[in-house]
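Undergrad: From the sequence below, what's the structure:
(2 chains)
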Amino acid sequence: MKPDWRSHLPRLEDLAREHGLIWSPVIFEAVPDSFMTEIAVYGLPVRMPHWSFGARYIYQLLQRHMGYSRLFEVVFPGNPGRAYLASSNGLADNILVAAHVLGHADFSKNNLLFQRSQEQGSEHIIEHAASHARQIERDIESYGFNAVEKVLDAALSLEQYIDLDCGLRRERYPEYLPAPAPAPDDAFRSRFASLDADEQAIPSARKLRAPLPPHPEKDLLWFIATYAPEMESWERDIFLAVRAESFYFYPVYATQTMNEGWASYWHARLLREADFIAQDTYLDAIKCHSDVVRPIAAEEQIALAVNPYHLGFTLWEEIIKEGGIDAARQVMREDDDFSFLRNHLTRKMATDMGLFRYQKQSNGPVKVLAEDIDELRETLLHEKYNFGAPRVSVVEIRSNGTLVLEHNSEIDKRGLDTDGARKVLEYVIHVWRRPVLLRTVDAASKPVEISMDPAAAH
Amino acid sequence: MSSGPGSEPPAVPNAVNDWYELFSRGSRDWLRHSEKIREAVREHLPQIVAGSDIINDGARTVRVPVRMLEHYRFRLRSDSEPQGVGQGTAKPGDLLGPANTGNKPGGKGAGGTERGGPELLLEFKIDDIIDWMWEELRLPNLQPRVGQSEESEWKREGWDKRGARSRLDRRRSLKESVKRRGLKSSAPTFIDEDLRFRQLARRRQPALRAAVCFLLDVSASMTEGDRQLAKTFFFWVAAGLRRQYRSLDIVFVAHTTEAWEFSEADFFKVAGSGGTVASAGLSKVREIVSARFDPGTCNVYLFYASDGDNAVDDREHARTELEGIAKLARYAGYVEISSGLRSSQSETSRLFDAVGATGLSSGRCSIRDANDVATAVRHFFTIEAQAAAAGAAPEAPP
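TA: From the prediction side, this is the model:
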């Protein structure tokens, strides 16, 4: 019988510790491929039911059957972290995956973005997500499947709209404006006051209502759950559940290149130095490694996408070669993909890797654009802001309860797709229960308003 | 961690938690997605039907291509010339043909933002569609007119000691055996005397036969779209009548200034030229009805689709013909296809109003586009159901 990959785990961990990796304990578990696909689609091992996941699941299943992609592992940061390994992995795959997981665990324990999200509760995201799912099952029993589904339609369609700067737990906005600070009691003021005692301004006792929201509000999920005029409390809970999961997803999303690159660097390095692994197993594992970090599928010359494993791995190798492990660890702690690529993807590296910028022409072949490293970085990153979603915020609640949303087209220079936006508003009026209005721009950059009234919709 | 194509097959299976296989959330949510697609298709029934040639019993299913449902999010207007970053041996200014665009979605997360996705081909049973339609329109089921016409049929009735083996009633026979053995303690279990056979008798039944004549105006003023609307309407009428009657004969007649009978396949392709003389079509229908169907045993329906421009000098003649049909038929309906705008009442609708006013059962309705078809169908069947209820009430069967 071949030795189990688990027997190698303690020695891999010793090796990792010698290199200064620090991580919370990880529970490894082998699961069937279909479950791996589910984790990839739902993002979490147990998550709320929704038909949109079903559509994505079938799509992924088709991809897998056609051999397009294969998942080896999914790891969830936390204390303890959890790693799910595909049961179809071979021995060499699993040794490689175990080393890879240690890299991820080190990253999520030390990266600041992860740390903050872990402190806010993502440490137990698996348990939280499972309890959200259970609560939603109970809601289905109490309020009916269709009622719950409508709330989930709305909540999940806004799932990208959270505000990381304000954190997971937020207080309501103050209802009244703060009283103006009393003027300093200086010589000038007392002389001025003595001019005419009767005319002295009497501070009005009436407090002024603060505008709501006081500034454009990015966290649509929180805002709707908090201020919707007639939302039921179970509906608010569903919104907040979706929101909590989005807070967990953000660091995963915003550090993908760094994180996968870091884990790939460490699996390669740990395996290279693991003299306790049999030679043929090592060769199998290294072949698997090169499949994972290869830039372009073997049969092709050019890819119109960049493999994040390859990009991250190449950058980390360069950073460690230049500055050593300590400098790299500092970068790992402090950066996210935005700063990582902007600071470390140099022109020379982009050229060496053969990265290029292209433009799809509306009717014709794809055109390769002139070299420009700044533009190239921004093109790589522009899909990453805000989960890749257009910026939409709440700007006003009108006196009749109308929720006014505004799309910021200054940044993306394009308007929203109005048909899709209308559908989203249809979802939203179901929970807001008052009219909802969205401002964006049309193809000619002229302002347009889309409004939806729940009274008219029924 | 994930990789592209060409990975090694599995080598050593690890100990796996079996319970993961027991319950697939992905499949559960996929079933819900399919259910929602069916609901979405239900909302577009008239459009589905308008597209296929299904009036007579040809195919019993329709295939409808559907997209995967999209869960909408805020999204930017699509960029006609999007930019991206690729990797490989390309120099600035190169034009990459679509052949070597390695357009494969990578591991996780890919495909979620793309529009469209795979298309599914759903097959629907026409009977299901009709049932949905009836639910949707909340149409009453028609009551056949009893007493007016009858036919005879074999019914199961009573038992006898002799009969065909296939009609042996075992329960009844056993009861007889038990009764007999109750009187005498030592008796054989079964004797021929115990056997009971079901009997058949001929009984008269209310007629469940109907004939429907579809009369279509194909004069120059009727466009392709108008004929399509008429077809959709006729389909639903036929479907509705078929729900009620065991056998339904359909007659297709088209007319301009003359009239011809057609097969279904040809009926909707006919494009005539020239003017409209409704009486020509109506007299053809009357001829067919009186030759083939006996109003005593058959419920005859006429549905006439036209744009309403009948020749003015045909008024009297058309009226005589229509009254002739209306006396034979159970119902005569007129549906005006008016895709254009019309303010005044058309010649043909005046004709049907006049006949309706004399107390014969007839009615009319107008259709502007595909969405009106359902309304028109509902209109006719509601009237028909009310008439049937009124007619059937005094002599309702026990």
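
Undergrad: When you work out contacts or count neighbours from here on, use the C-alpha atoms and nothing else.
TA: Will do.

Undergrad: is any part of the longest helix anywhere in chain A close to chain B?
TA: Taking DSSP state H as the criterion, chain A has its longest helix at helix A:308-334. No: Helix A:308-334 lies out of reach of chain B by Cα under 8 Å from any Cα of the partner chain, never closer than 8.6 Å.

Undergrad: which strands and helices sit next to the helix or strand just after that helix?
TA: For helix A:308-334, the following helix or strand on the C-terminal side (DSSP states H and E) is helix A:337-344. Counting contacts by 3 or more Cα pairs under 8 Å, 6 or more residues apart in numbering or on different chains; DSSP states H and E, helix A:337-344 packs against helix A:256-273, helix A:308-334, helix A:373-381.

Undergrad: Let me have whichever helix or strand comes after helix A:337-344 in CSV, keeping just the CA atoms, if that works.
TA: Using DSSP H and E, the next helix or strand after helix A:337-344 towards the C-terminus is helix A:347-353. Listed next in CSV are the C-alpha coordinates belonging to helix A:347-353 (Å, rounded to 0.1, in the frame of the first residue of the first chain):
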residue,chain,number,x,y,z
ARG,A,347,7.6,46.9,-17.1
LYS,A,348,10.5,44.4,-17.5
MET,A,349,8.5,41.6,-15.8
ALA,A,350,5.5,42.3,-17.9
THR,A,351,7.6,42.0,-21.0
ASP,A,352,9.3,38.9,-19.8
MET,A,353,6.0,37.3,-19.1
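
Undergrad: distance between helix A:347-353 and the chain's centre?
TA: Distance of helix A:347-353 from the chain centroid (Cα atoms, centre = their mean, to the nearest Å) equals 28 Å.

Undergrad: May I see the buried residues of it?
TA: A:R347, A:M349, A:A350, A:M353 (16 or more other Cα atoms under 10 Å in any protein chain shown).

Undergrad: C-terminal to it, what's the next element?
TA: Sequence-wise, the next helix or strand downstream of helix A:347-353 (DSSP H and E) is strand A:355-360.

Undergrad: residue contacts, the residue nearest the centre of chain A?
TA: Relative to the mean C-alpha position of chain A, the nearest C-alpha, by Cα atoms, centre = their mean, is the one of A:Y250, at 2.5 Å. Shown in contact with A:Y250 (Cα atoms under 8 Å, 6 or more residues apart in numbering or on different chains): A:F387.

Undergrad: mind checking which helix or strand it is in?
TA: In this assignment (DSSP H and E), A:Y250 forms part of helix A:233-254.

Undergrad: can you give me how far that helix is from the chain middle?
TA: Distance, stretch centre to chain centre, for helix A:233-254: 11 Å (Cα atoms, centre = their mean).

Undergrad: Flag every buried residue along that helix.
TA: Neighbour counts over helix A:233-254 (16+ other Cα under 10 Å) mark A:235-236, A:238-254 as buried.

Undergrad: one step back: among the helices and strands packed on helix A:337-344, which is the most enclosed?
TA: Ranked by mean neighbour count under mean count of other Cα atoms under 10 Å in any protein chain shown, the helices and strands packed on helix A:337-344 are led by helix A:256-273, which reaches a mean of 22.

Undergrad: centre of the chain versus that helix, how much separation?
TA: Worked out by Cα atoms, centre = their mean, helix A:256-273 lies 21 Å from the chain centre.

Undergrad: Surely B:S173 is within a helix?
TA: Yes: B:S173 forms part of a helix when assessed by DSSP: H, G, I helix; E, B strand; the rest coil.

Undergrad: Surely it is in contact with B:L195?
TA: Yes: with contacts counted by Cα atoms under 8 Å, B:S173 reaches B:L195, the gap being 4.7 Å.

Undergrad: Chain A versus B:V277, what's the distance?
TA: Separation of B:V277 from chain A (Cα to the nearest Cα, to the nearest Å) stands at 45 Å.

Undergrad: which residues touch that residue?
TA: B:H255, B:T256, B:T257, B:E258, B:N310, B:A311, B:D314.

Undergrad: same check, this time on A:A263
TA: Residues near A:A263 by Cα under 8 Å, 6+ apart: A:A99, A:H100, A:V101, A:L102, A:G103, A:H104, A:F107.

Undergrad: For burial, what's the neighbour tally of the last one?
TA: Just to be clear, that refers to A:F107. Counted by other Cα atoms under 10 Å in any protein chain shown, the residues lying close to A:F107 total 26.

Undergrad: how about it, what does it touch?
TA: Applying Cα under 8 Å, 6+ apart, we find A:F107 in contact with A:W23, A:N259, A:W262, A:A263, A:M332, A:R333.

Undergrad: wait, is it part of a helix?
TA: Yes: using three-state DSSP, the assignment for A:F107 is a helix.

Undergrad: How confident was the prediction at it?
TA: pLDDT recorded at A:F107 is 96.

Undergrad: any idea how far B:V66 is from it?
TA: 44 Å (Cα to Cα, to the nearest Å).

Undergrad: Look up phi and psi at the residue in the stretch 1-150 of chain A positioned nearest to chain B.
TA: Using Cα to the nearest Cα, the closest approach of the stretch 1-150 of chain A to chain B is made by A:G54 at 3.7 Å. Torsion angles at A:G54 (phi, psi; degrees, to the nearest 10) stand at phi -60, psi -40.

Undergrad: Correct me if wrong: it contacts B:H33.
TA: Yes: assessed by Cα under 8 Å, A:G54 is found in contact with B:H33 at 6.3 Å.

Undergrad: In terms of neighbours, single out the busier of these two.
TA: Between A:G54 and B:H33, counting by other Cα under 10 Å, A:G54 is the more crowded of the two (24 against 21).
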